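> Build the 3D model from these lines:
(one chain, ligands or ions: 1)
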Amino acid sequence: MTQTQSAEGAQGQPKVGYDDTPPIPRQTWKVHDSARPQPRVVTPGTESSPERAGTPPSDAVVLFDGTSLSGWTSVKGGGPAQWKVENGYAEVAPGTGDIQTKEEFGDCQLHVEWATPTEVVGHSQGRGNSGVFLMGRYEFQVLDCYQNPTYADGTAGAIYGEYPPLVNPARRPGEWQSYDIIWIAPRFEGDRLVSPAYATVILNGVVVQYHRELIGPTTHRKVADWVAHPPTGPLRLQDHKNPVRFRNIWYRSLKGWNTPEV
Ligand code: MG
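Alright, predicted model coming up:
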């Protein structure tokens, strides 16, 4: 990339790229096109530590920053979320029901951190169970899976009832764990499914789902058909009667991810 870099660009900046290269197939730009816009700058966040949540990237929409659930409502009844907020996290208040964001979104990169109770109570699906529901419908399982056998498609990292995680990278009870989910929402035309949802999931830095094609919305002990819904939806967290904690929840929109003209 050095041969034609010496010329001046439009704003007096050193010119980068080339003007005499072939077009890239299915794009309007040439290879190394000097006129192609620069990628938008995003300042990355910081990593979390066991003691403290990290920070989101600069273009993230923060859903929970550790201080307030004012952006969330109770699914049961629609009033304010009843879960406990303290010490930088929100904790399931068993029996108050699921909570969901007022914010609605579709294609995204979602980050959620969670910790199951330090004190181990119960087994299988009764131990540290919660869930992260994209668009309020599609559950990515939260469960204490440290030496806790359960049915495979109910393991932490599972797309519940559809796909077990590729591996089980669970941390010990009480330790903070992280979900990074790349979510492509299903597309509908009227009542007809045009394209299913796809998910790639990283749990504790380990890929546990790669480009999985979902089968439909989450159900228990059955297989659900796709049901058309709006192109955006809330993030929902599950009250499964266990005091699971959450912190540092944010997403970045991936709108336009499949257009080459970015
Ligand atoms: Mg669950």
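> who touches residue 218 in this structure?
By CB atoms under 8 Å, 6 or more residues apart in numbering, the contact set of residue 218 is 133, 137-139, 159-162, 224. (Glycine included, C-beta is placed from N, CA and C.)
> As TSV, those with distance to residue 28 would be great.
Below are these laid out as TSV (distance: CB to CB, whole Å):
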residue	distance to residue 28
133	39
137	37
138	35
139	40
159	37
160	42
161	43
162	38
224	41
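> Show the buried residues in the residues you listed.
Among the contacts of residue 218, those classed as buried by 16 or more other CB atoms under 10 Å are 133, 137-139, 159-162.
> how about stretch 143-152: buried residues?
Residues 143-146, 148, 150 are the ones in stretch 143-152 that count as buried (16+ other CB under 10 Å).
> Distance of residue 109 relative to the ion?
22 Å (CB to the ion, to the nearest Å).
> Leaving aside the residues adjacent along the chain, what's closest to that residue?
With CB to CB, 6 or more residues apart in numbering as the criterion, residue 109 has its nearest non-adjacent residue at 4.5 Å, and that residue is residue 252.
> Reduced to three states, what does the one you found come out as?
strand (DSSP: H, G, I helix; E, B strand; the rest coil).
> rewinding a little: okay, and which of the buried ones among the contacts of residue 218 map to helices?
Among the buried ones among the contacts of residue 218, none falls in helices (DSSP state H).
> Would you mind listing the buried residues in stretch 176-191?
Across stretch 176-191, burial judged by 16+ other CB under 10 Å covers 176-186, 188.
> ok, now how distant is the nearest residue to residue 105 once chain neighbours are set aside from residue 118?
In this structure, residue 105 finds its nearest non-sequential neighbour in residue 232, 5.3 Å apart by CB to CB, 6+ apart. Residue 232 sits 36 Å away from residue 118, going by CB to CB, to the nearest Å.
> One more: residue 228?
For residue 228, the distance to residue 118 equals 42 Å [CB to CB].
> which bits of the stretch 1-150 of the chain sit near the ion?
129, 131 (CB under 5 Å from the ion).
> State which one residue of the stretch 1-150 of the chain is found closest to the ion.
Evaluated by CB to the ion, the stretch 1-150 of the chain has residue 131 as its residue closest to the ion, separated by 3.3 Å.
> Now name the helix or strand holding that residue.
Residue 131 is located in strand 130-134, with elements delineated by DSSP states H and E.
> distance between that strand and the chain's centre?
10 Å (CA atoms, centre = their mean, to the nearest Å).
> does the most centrally placed residue in the chain count as helix, strand or coil?
The residue lying closest to the centre of the chain (CA atoms, centre = their mean) is residue 110, at 2.4 Å. Assigned by three-state DSSP, the conformation of residue 110 is strand.
> Now for it: which residues touch it?
Neighbour list for residue 110: 132, 134, 179-183, 235, 249-251 [criterion: CB under 8 Å, 6+ apart].
> Show me what the residue nearest to residue 184 when sequence neighbours are not counted bridges to in the sheet.
Spatial nearest neighbour of residue 184, chain neighbours left out: residue 198 (4.2 Å); criterion: CB to CB, 6+ apart. Counting by DSSP bridges, residue 198 forms beta bridges with residue 184, residue 213.
> So what's the residue count around residue 198?
By the criterion of other CB atoms under 10 Å, residue 198 has 17 neighbours.
> Just to check, it is in contact with residue 212?
Yes. Taking CB atoms under 8 Å as the definition, residue 198 is a contact partner of residue 212 at 6.5 Å.
> Residues that sit against both of these two, list them.
With CB under 8 Å, 6+ apart, residue 198 and residue 212 have no common neighbours.
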